[in-house]
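Undergrad: Predicted model, plus sequence, below.
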Amino acid sequence: MKDFNYGLNRPPTVGQLLQLCSEALESSGVFFGHGTDNAWDEAVLMVLFIADLPLDSGESVLALFVDDETVARLEELMRRRIVEREPLPYLLGRAWFAGLEFICDRRAIIPRSPIAELILNGFEPWYSGPAPKRILDLCCGGGCIGLAAAYQFPGARVDLIDIDAGALELAEENTRYLKLQDRTSIIQSDLLESVVGTKYDLILSNPPYVDAPDLAAMPAEFHHEPEDALGSGVDGLDLTRRILSSVCPFLASSGLLILEVGNSWLALEEAYPRLPFTWVQFERGGDGVLALTAQELQDYSAISGQLGL
Ligand SMILES: C[S@@+](CC[C@H](N)C(=O)[O-])C[C@H]1O[C@@H](n2cnc3c(N)ncnc32)[C@H](O)[C@@H]1O
């Protein structure tokens, strides 16, 4: 890592620190993929956040001087980022998802699901029912998907389910942070086991889905995240199978399931050749997210029941 004391005027400017951090990140071989995908964007986020400057600051801030205490904090964060390979959102304690700011720490994975784009588009054209009144975020982690959906649909009640008490504590904190307590419920449950009788218009789920070989090969940054939130058996589909076999009774007749399976999409297609998955195309990147209507799931249950699949 580059020495901050070398070649820097004291006090340094925002512009100099941006240059230094971005070069150090670039040459260090750290992995990007927890909210940013390149060294410059990560440096901008880190320097502006630590210098307490607005994240949408323009070029006018480049000439501002940064005090010694802030430079020291930045040096420590850069050390943890490069030497310990901690992902940036854990270092900052904040993550951004679907245009909202979330509290973020190691109790849950870092928000990054492409489902954000679907939420911002109101699930068009996949959801064709009435304005959603009941939404479920199944496997909610820190709550980013369910809370962003609550924000997008002010007329909806949102349930957030996770099995992990720590993740649910964080989801609860985020609910208060975004002032959404009145329309949200936090529920500890093994998938849908504790849900009785509710019919949801939208069930949104980003469950653990990484298969065993991918889990073993993940860059160091991912090992700071809770392992139970990532892996799901040898082919990555243990949780997904359970969701597909149990979700149907909890969807309204015009309801929609949105389910993320990432790289395990091919294994899923092979495991369920008769399920008519729609794979969502994203403008902002990402893949492995499927949409299934309640009707498609019902038709499939009828056929699979008959054929004993
Ligand atoms: C990939 S993380 C997704 C977190 C969040 N939805 C997001 O997109 O950032 C998966 C979450 O599923 C939870 N989980 C794992 N097994 C579960 C189960 N059997 N029932 C409910 N939640 C479970 C984990 O605790 C973890 O928080």
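TA: On my side now, so go ahead.
Undergrad: Please state the backbone phi and psi of the closest residue to residue 248 other than its chain neighbours?
TA: Of all residues not flanking residue 248 in the chain, residue 297 sits nearest, at 4.6 Å (CB to CB, 6 or more residues apart in numbering). In short, each C-beta sits where N, CA and C put it, glycine included. The phi and psi torsions at residue 297 (degrees, to the nearest 10) take the values phi -70, psi -40.
Undergrad: For residue 297, give me its contacts.
TA: By CB atoms under 8 Å, 6 or more residues apart in numbering, the contact list for residue 297 reads 244, 247-248, 251, 257.
Undergrad: What residues does the residue positioned nearest the centre of the chain make contact with?
TA: The residue lying closest to the centre of the chain (CA atoms, centre = their mean) is residue 111, at 2.5 Å. Neighbour list for residue 111: 35, 89, 95-97, 102, 104, 141-142, 144-145 [criterion: CB under 8 Å, 6+ apart].
Undergrad: export the residues you listed to CSV and tack on pLDDT?
TA: Converted to CSV, those look like this (pLDDT from 0 to 100):
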residue, pLDDT
35, 89
89, 98
95, 97
96, 96
97, 97
102, 98
104, 98
141, 98
142, 98
144, 98
145, 98
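Undergrad: which among these gets closest to the ligand?
TA: Of all the contacts of residue 111, the ligand sits closest to residue 141, with 2.5 Å by CB to the nearest ligand atom.
Undergrad: Surely that closest one and residue 109 touch.
TA: Yes - contact criterion CB atoms under 8 Å: residue 141 and residue 109 qualify, at 5.5 Å.
Undergrad: the more surrounded of those two?
TA: residue 141 (30 against 24; other CB atoms under 10 Å).
Undergrad: ok, the more buried one - contacts?
TA: Residue 141 neighbours (CB under 8 Å, 6+ apart): 108-109, 111, 162, 167, 170-171, 206, 229.
Undergrad: which bits of the stretch 1-150 of the chain sit near the ligand?
TA: 108-109, 111, 113, 139-141, 144-145 (CB under 6 Å from any ligand atom).
Undergrad: still on that earlier bit, joint contacts of residue 141 and residue 109?
TA: Common neighbours of residue 141 and residue 109 (CB under 8 Å, 6+ apart) are residue 229.
Undergrad: What residues of stretch 257-276 count as buried?
TA: Neighbour counts over stretch 257-276 (16 or more other CB atoms under 10 Å) mark 257-262, 264-265, 267-268, 272, 275 as buried.
Undergrad: ok, back up a step: Serialize the residues of the stretch 1-150 of the chain next to the ligand to TSV and add fields for secondary structure.
TA: Listed next are these as TSV, based on DSSP: H, G, I helix; E, B strand; the rest coil:
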residue	secondary structure
108	coil
109	coil
111	coil
113	coil
139	coil
140	coil
141	coil
144	helix
145	helix
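Undergrad: Please identify the residues of the stretch 201-309 of the chain in proximity to the ligand?
TA: So the stretch 201-309 of the chain meets the ligand at 206-208, 228-229, 239 (CB under 6 Å from any ligand atom).
Undergrad: Mind checking which of the contacts of residue 111 are in strands?
TA: Under the assignment DSSP state E, these contribute 95-97, 102 to strands.
Undergrad: now, the most widely separated pair of the residues you listed?
TA: For these, the maximum inter-member distance is 7.3 Å, found between 96 and 102 (CB to CB).
Undergrad: So which of the residues of the stretch 201-309 of the chain next to the ligand are in helices?
TA: Per DSSP state H, helices hold the following members of those: residue 239.
Undergrad: in what helix or strand does the closest residue to residue 231 other than its chain neighbours lie?
TA: Of all residues not flanking residue 231 in the chain, residue 215 sits nearest, at 4.6 Å (CB to CB, 6+ apart). Element membership of residue 215 [criterion: DSSP states H and E] is helix 212-216.
Undergrad: Could you give the number of residues near the residue nearest to residue 231?
TA: Residue 215 - counted by other CB under 10 Å - has 17 other residues nearby.
Undergrad: sec struct for residue 268, please.
TA: helix.
Undergrad: Wait, it touches residue 261, no?
TA: Yes - contact criterion CB under 8 Å: residue 268 and residue 261 qualify, at 5.4 Å.
Undergrad: Quickly list what's touching both of these two.
TA: Joint contacts of residue 268 and residue 261 (CB under 8 Å, 6+ apart) are 237, 240, 290.
Undergrad: Look up the closest residue to the last one, ignoring the ones flanking it.
TA: Read that as residue 290. That would be residue 277: by CB to CB, 6+ apart, it lies 4.5 Å from residue 290.
Undergrad: Check the spacing between the one you found and residue 92 real quick.
TA: Noted for residue 277: a distance of 36 Å to residue 92, by CB to CB, to the nearest Å.
Undergrad: Low-confidence bits of the protein, can you list those?
TA: 1-9, 305-309 (pLDDT under 70).
Undergrad: Let me see the ranges of the helices in it.
TA: Using DSSP H, helices in the chain cover 14-28, 39-50, 68-82, 88-92, 115-120, 144-152, 165-177, 212-216, 238-246, 265-271, 294-307.
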